[in-house]
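Trainee: Okay, predicted coordinates and the sequence, questions at the end:
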Amino acid sequence: MVMGMLQGKRGLVTGAGSGLGRATCLLAAREGARVGILDIDPAAAEETATIVREAGGEAIVCRADVAEASEVEAAVARVVEGFGGLDWASNNAAGGAGDFALTHEIDDRTWSRTIDVCLKGVFHGIKYEVPAMLASGGGSIINISSASQFKGEAFLGAYVAAKGGVDALTKTAAAEYAARGVRVNSVAPGGFETPALSRYFEKFPDFADRTVAQHAMRRVGKPEEVAEAVVWLASERASFVTGACVQCDGGVLVNSHML
Ligand SMILES: NC(=O)c1ccc[n+]([C@@H]2O[C@H](COP(=O)([O-])OP(=O)(O)OC[C@H]3O[C@@H](n4cnc5c(N)ncnc54)[C@H](O)[C@@H]3O)[C@@H](O)[C@H]2O)c1
């Protein structure tokens, strides 16, 4: 029998009701993992669970807002109770960025909510996942940042600032837990075909073409392509990788105006 890359590994994905989180759950399940599906939207989380179960996987659904420490704590506890431990987790949820705005026009509420979900949400993940992994004999955490944090992104100040924080926190946590068997890495996506990006495509007529042109590969990514990177980092195949940021961005950071 061919063993999956995550055979028997117990995981948790935040923001798992859509896009990249959903694709990660599905690929992880196909690779033998059991997945905790955390989302603020319970119907979306249930939909992902159905997809995972239809693919033969095992899922636990947790409704939680990652901005609320107690809700993340309860979700991690539920997964640990249901699966008997926690081996990997992807802190993927993002939200709150609101409409495009110049930095001086970002209102306080949008700034705070974006940081609370995109950065503090990752902190909450690490805070409760690490003890569960230490008790399980080690583990792997994959935080989802964004290629945009390497160069800045006009009109997305709060989001990009949060994502820069995610990569800084990833490296710090990697250093802190490496000797105790918990690896912490991030994946920085470029543009991906998910509802998050589609919303912008629908709103701004030439946004899709301009986004594609930003990528050296002249296309945006498919959610499964990020899932491959996350599942690899979660697995033992990445056993000597920690503190890394894996860019999965179709060359958005190497794109040249000369071509
Ligand atoms: N799609 C892209 O082009 C792209 C590019 C760079 C980075 N990313 C990052 O990838 C990750 C996934 O993005 P996506 O495109 O799949 O987004 P998406 O909007 O399709 O899915 C995000 C999911 O997170 C959930 N969510 C939102 N706020 C939450 C909260 N407070 N608590 C729990 N769940 C919450 C939503 O309900 C949704 O199911 C995010 O971290 C995003 O910043 C995406």
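Mentor: Thanks, I have it. Numbers count the residues shown, from 1 in each chain.
Trainee: Every contact and neighbour count from this point should use C-alpha atoms.
Mentor: Noted.
Trainee: which residues of the stretch 151-259 of the chain fall in helices?
Mentor: With helices called from DSSP state H, counting those that start in this stretch, the stretch 151-259 of the chain shows them at 157-177, 195-203, 207-214, 223-234.
Trainee: interface residues of the stretch 151-259 of the chain facing the ligand?
Mentor: Within the stretch 151-259 of the chain, the positions near the ligand by C-alpha under 6 Å from any ligand atom are 189-197.
Trainee: Quick check: of those, which lies closest to residue 52?
Mentor: For these, the residue nearest residue 52 by C-alpha to C-alpha is residue 194; the value is 18.0 Å.
Trainee: In this structure that closest one contacts residue 226, no?
Mentor: No. When contacts are counted by C-alpha atoms under 8 Å, residue 194 is not listed as touching residue 226 (11.4 Å).
Trainee: Show me which of these two is the more surrounded one.
Mentor: Between residue 194 and residue 226, residue 226 has the larger neighbour count (other C-alpha atoms under 10 Å), namely 24 against 14.
Trainee: List the contacts of the more buried one.
Mentor: Applying C-alpha atoms under 8 Å, 6 or more residues apart in numbering, we find residue 226 in contact with 20, 24, 187, 189, 248.
Trainee: Would you mind putting those into JSON lines with distance to residue 145, pLDDT and neighbour count alongside?
Mentor: JSON lines is the format used below for these (distance: C-alpha to C-alpha, whole Å; pLDDT from 0 to 100; neighbours: other C-alpha atoms under 10 Å):
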{"residue": "20", "distance to residue 145": "12", "pLDDT": "98", "neighbour count": "28"}
{"residue": "24", "distance to residue 145": "15", "pLDDT": "98", "neighbour count": "26"}
{"residue": "187", "distance to residue 145": "6", "pLDDT": "99", "neighbour count": "25"}
{"residue": "189", "distance to residue 145": "7", "pLDDT": "98", "neighbour count": "24"}
{"residue": "248", "distance to residue 145": "11", "pLDDT": "98", "neighbour count": "22"}
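Trainee: what sits in contact with each of residue 194 and residue 226?
Mentor: Residues touching both residue 194 and residue 226 (C-alpha under 8 Å, 6+ apart) are residue 20.
Trainee: least reliable of the helices of the stretch 151-259 of the chain going by mean pLDDT?
Mentor: Ranked by mean pLDDT, the helices of the stretch 151-259 of the chain end with helix 195-203 in last place, scoring a mean of 87.
Trainee: Okay, angle between that helix and helix 207-214 too, please.
Mentor: If you take axes from the mean of the first three to the mean of the last three C-alpha atoms, to 10 degrees, helix 195-203 sits at 120 degrees to helix 207-214.
Trainee: which outside residues touch helix 195-203?
Mentor: So helix 195-203 is contacted by 18-19, 191, 207-208 (C-alpha under 8 Å, 6+ apart).
Trainee: And that helix, what's buried?
Mentor: Buried residues in helix 195-203, counted by 16 or more other C-alpha atoms under 10 Å: 197, 201.
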